[in-house]
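Enquirer: Structure of the sequence below:
(one chain, ligands or ions: 2)
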Amino acid sequence: MQYVSTRGDAAPRDFAGVLLSGLAEDGGLFVPEAWPTFTAAEWRSFRGLSYPDLAARLIAPFAAGSIAPDVIRRLCAEAYAGFGHPATVPLVQLEGGLWVQELFHGPTLAFKDLAMQLLGRLFDHVLRDQDRRITIVGATSGDTGSAAIEACRDRERIRAVILHPRGRTSEVQRRQMTTVLSPNIANLAVEGTFDDCQDLVKAMFADAPFREELSLSAVNSINWARVAAQIPYYAAAAIALGAPDREVSFAVPTGNFGNVLAAWAARQMGLPVARLMVGSNRNDILTRFLRGNDMSVRPVEPSLSPSMDIGVSSNFERLLFELLGRDAGACAQVMRNFRDTGRMDVPDAAWREAASLFEGFRLDDPGTEAEIRRVHAATGYLADPHTAIGIAAGRAGALPGVPTVAMATAHPAKFPDAIEAATGLRPPLPPRLDDLYEREERFRTVANRLSEVQGAVRNAVFSNAA
Ligand SMILES: Cc1ncc(COP(=O)(O)O)c(C=O)c1O
Ligand SMILES: N[C@@H](CCOP(=O)(O)O)C(=O)O
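Expert: Ligands and ions are numbered 1, 2, ... in the order given. Next up is the predicted model:
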């Protein structure tokens with residue numbers, strides 16, 4: 001399988017090439033040249049597969065010609081062996097037609113582990129094969145960082161530098177990153193927002209000499225491999241609820257648009273998905289777009305769901321590329337204007353197409369707290385603030401007779417203050433994280449300035465060079 005850039009000015013490459021390059025050189029995102037699809041009979045044949053086997057079946061076509069299916073299968077088996085639930089991504093029925101799919105049974109208690117545990121192994125496999133080393137630069141609003149650190153720590157051929165917005169993650173999220181003292185890991189606390197961190201990462205990729213010198217790669221969902229590895233859990237949920245013989249809708253708490261894009265990708269592959277509900281907090285650029293074609297940047301404000309405190313959703317560019325009929329020139333033009341003006345001009349027909357499948361939903365902090373309380377009182381289920389937004393979106397957008405699955409993207413113990421305020425209960429961390437608050441933290445605070453961040457990245461990489 002070959003991949004092309006959404007902006008059309010980067011050479012196509014295979015899966016291993018996309019994995020290692022992360023962002024395309026023209027600033028675009030890589031997408032598959034064509035979507036792999038499965039027939040209804042093939043989807044039926046996946047019933048009863050274990051999660052790692054299902055994941056391998058769905059991911060293998062994306063790596064075709066680059067990584068052999070039996071290698072993908074082995075890496076999936078290894079990636080999910082350590083998850084804390086035998087079903088890996090269990091479904092829990094909350095009420096009539098509404099389920100949650102728990103994506104937080106991995107090592108860092110958020111959905112990012114599903115992709116990141118595989119990505120760390122894919123990196124290792126490809127780097128060994130090509131006898132290379134890379135520097136990962138990643139931006140996090142709280143969860144990607146710790147999942148990436150956990151997946152990459154102590155890997156010989158990887159150095160990882162993770163940028164988080166200072167003071168804007170939960171304490172548990174920050175400590176999960178900054179208490180990992182492995183020599184190949186560094187944390188930078190940026191004086192800014194997640195969007196600043198993400199812009200800094202993209203600017204480092206745009207600096208060709210720097211990119212080459214450090215052999216940069218990405219772990220954010222700008223890296224296609226991240227999205228590919230997030231597709232299987234949608235398939236697992238849909239198959240468990242009757243697909244391909246019954247349609248299913250998904251409600252996804254959304255920030256960078258990577259998770260819900262994976263659901264859309266599953267639909268491209270032939271999974272019968274009825275509707276995709278996009279849940280946002282007060283940082284609601286996607287909801288404003290879906291409801292009224294208003295994709296305009298506003299300042300990011302902190303919320304109870306910090307991982308979704310995102311102003312510009314990077315992965316939207318992949319959907320835009322499709323909505324524009326895969327016209328890379330048009331996509332590049334829209335993205336350039338967006339960058340210059342802070343407002344995206346999406347043609348009316350493209351917007352209508354997006355709005356016919358995706359439904360925007362917004363919940364502010366009081367609403368989120370009320371939803372956590374309501375779900376707990378009605379069902380006994382403790383939903384973290386992100387998951388609560390997904391559940392509320394799912395209830396609001398459910399179609400009669402169609403099961404809705406809300407994605408439980410984080411464990412409630414990652415956000416104990418919000419849960420306690422809503423329910424009076426303080427969810428404990430799993431025993432392996434018992435001493436998280438006593439562990440030594442290590443991070444460096446940096447200004448939101450490219451030169452300073454590049455200096456800190458160089459310093460982190462070369463001071464620990466083998
Ligand atoms: C717990 C949680 N929920 C939801 C999201 C939003 O997901 P995405 O950025 O893929 O839209 C994130 C961050 O990515 C997250 O960490
Ligand atoms: N919510 C994320 C932000 C980055 O998103 P990604 O999916 O592009 O890595 C986080 O928690 O870090």
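Enquirer: Would you mark the buried spots in the longest helix that the chain contains?
Expert: Ordering each helix of the chain by length in residues (DSSP state H) puts helix 112-130 first. Neighbour counts over helix 112-130 (16 or more other C-beta atoms under 10 Å) mark 112-127 as buried. (C-beta placed from N, C-alpha, C; glycine too.)
Enquirer: How many residues are close by the residue nearest to L109 when sequence neighbours are not counted?
Expert: Among residues not flanking L109 along the chain, H411 sits closest, at 3.7 Å (C-beta to C-beta, 6 or more residues apart in numbering). Neighbours of H411 under the rule other C-beta atoms under 10 Å: 23.
Enquirer: Now do the same contact list for F15.
Expert: M1, Y3, F62, A63, A64, G65, S66, I67, W224, A225 (C-beta atoms under 8 Å, 6 or more residues apart in numbering).
Enquirer: For ligand 1, tell me whether stretch 146-158 is touching it.
Expert: No: Stretch 146-158 lies apart from ligand 1 when judged by C-beta under 6 Å from any ligand atom; the minimum separation is 8.6 Å.
Enquirer: pLDDT of that stretch, averaged?
Expert: For stretch 146-158, mean pLDDT rounds to 97.
Enquirer: quick revisit: which of the buried residues of helix 112-130 lies closest to L323?
Expert: Proximity of these to L323 (C-beta to C-beta) peaks at A115, which lies at 24.1 Å.
Enquirer: gap between A77 and R44?
Expert: A77 sits 23 Å away from R44, going by C-beta to C-beta, to the nearest Å.
Enquirer: Next: R168.
Expert: To R44, R168 is 45 Å away according to C-beta to C-beta.
Enquirer: now swap in M177 and tell me
Expert: From M177 to R44 the distance is 42 Å (C-beta to C-beta).
Enquirer: So the two - more neighbours on which side?
Expert: A count of neighbours by other C-beta under 10 Å puts M177 above the other of M177 and R44, at 27 against 13.
Enquirer: Test my guess that D9 contacts D26.
Expert: Yes: contact criterion C-beta atoms under 8 Å: D9 and D26 qualify, at 3.6 Å.
Enquirer: more neighbours, the two?
Expert: D26 (16 against 13).
Enquirer: For the stretch 51-200 of the chain, just list every one of the strands.
Expert: 91-95, 98-102, 134-139, 158-165, 185-190 (DSSP state E, counting those that start in this stretch).
Enquirer: V248 contacts A406, doesn't it?
Expert: No: between V248 and A406 there is no contact under C-beta under 8 Å: 11.6 Å.
Enquirer: So between the two, which is more surrounded?
Expert: More crowded of V248 and A406, by other C-beta under 10 Å: A406, with 30 against 27.
Enquirer: That one and E102 touch, don't they?
Expert: No: the pair A406 and E102 fails to qualify as a contact (C-beta under 8 Å) at a distance of 10.4 Å.
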